[in-house]
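Chemist: build me a structure from this.
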Amino acid sequence: MIGMILAGGRGERLRPLTDKTPKPMLPVKGRPLVEWQIELLKKYGISDIVICGHYMFDKIKQLGDGSRFGVTIKYFYETAPLGTGGAMKNTASIVDDTTVVIYGDIFTNIDIKNLLTFHKNKSADATIVLHESLHPEDSDAVEVDSNNRIIRILGRGTNVRLTKSSIYVLEPIVFDFIEEKCSFENDILPIIIKKCNVFGYTTDETIMDVGTLQRYSEANKEAIK
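Modeler: As a prediction, the model looks like this:
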């Protein structure tokens, strides 16, 4: 099993903090956010980790080979930004098993064991973690059926509070649909929802997008609890 961290965003909404530090390396309770993600993956037995990125990637690579965390880290550098889907596709040469994907601006304590059990029980090709967003105005609402199968992504500006997070479980078949440069959310999700078994895993666990200054501050408060 593989853990994938997408760490390529420039973090424009976090400026000036991200002028000199890539978003995943911003400290949450004194530790880079990405270290929390690595430790979470390790906690649930995922020790093969890939980190994808472009912006200030040399600073992210200072995490090293993963040995100090008890994991193995491989880095996939994008010479030019490929989008979230393109970043995933860039790793296709080594993706041959179930992959847990976490975007590099997510602070979470999600129980990955329960998530994977749901994914396997549904025989899913892809599972999207869903939650009630604290900021539904800029989160993509999701419609699911009675079996938790995803019907469609409703987008933003709806009255539906159930929204998708940036945490996925993907089987290798999903990577066959991904282009070399694309947005996973906008370009690929609509395709695989129609052609694959895509389910939504709903949770009330902490899942915080720290992509703005306010949310970054809230994540630090949440981590201290």
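Chemist: what ranges does this structure have for its strands?
Modeler: Defined through DSSP state E, the strands belonging to the chain, from first to last, are 2-6, 27-28, 31-32, 48-53, 72-77, 99-103, 106-108, 126-132, 141-144, 150-155, 162-170, 198-202, 207-209.
Chemist: relative to Asn186, which of these is closest?
Modeler: Nearest to Asn186, of all the strands of the chain, is strand 150-155, at 9.1 Å by Cβ to Cβ. (Glycine included, C-beta is placed from N, CA and C.)
Chemist: which other helices and strands contact that closest one?
Modeler: With contacts defined as 3 or more Cβ pairs under 8 Å, 6 or more residues apart in numbering; DSSP states H and E, strand 150-155 has these neighbours: strand 141-144, helix 189-195, strand 198-202.
Chemist: partner strands of that strand, with direction?
Modeler: Looking at strand 150-155 with DSSP bridges, its partner strands are strand 141-144 (antiparallel).
Chemist: name the stretch among the helices and strands packed on strand 150-155 that sits most buried.
Modeler: Counting by mean count of other Cβ atoms under 10 Å, strand 198-202 has the highest mean neighbour count of these, with a mean of 21.
Chemist: how many neighbours does Ile94 have?
Modeler: For Ile94, the count of nearby residues is 12 (other Cβ atoms under 10 Å).
Chemist: report pLDDT for it.
Modeler: Looking at Ile94, its pLDDT is 87.
Chemist: hang on, isn't it packed against Lys74?
Modeler: Yes. Counting by Cβ atoms under 8 Å, Lys74 is a contact partner of Ile94 at 7.1 Å.
Chemist: low-confidence ranges in the chain?
Modeler: Counting by pLDDT under 70, the chain contains low-confidence residues at 11, 17, 134-138, 157-160, 223-225.
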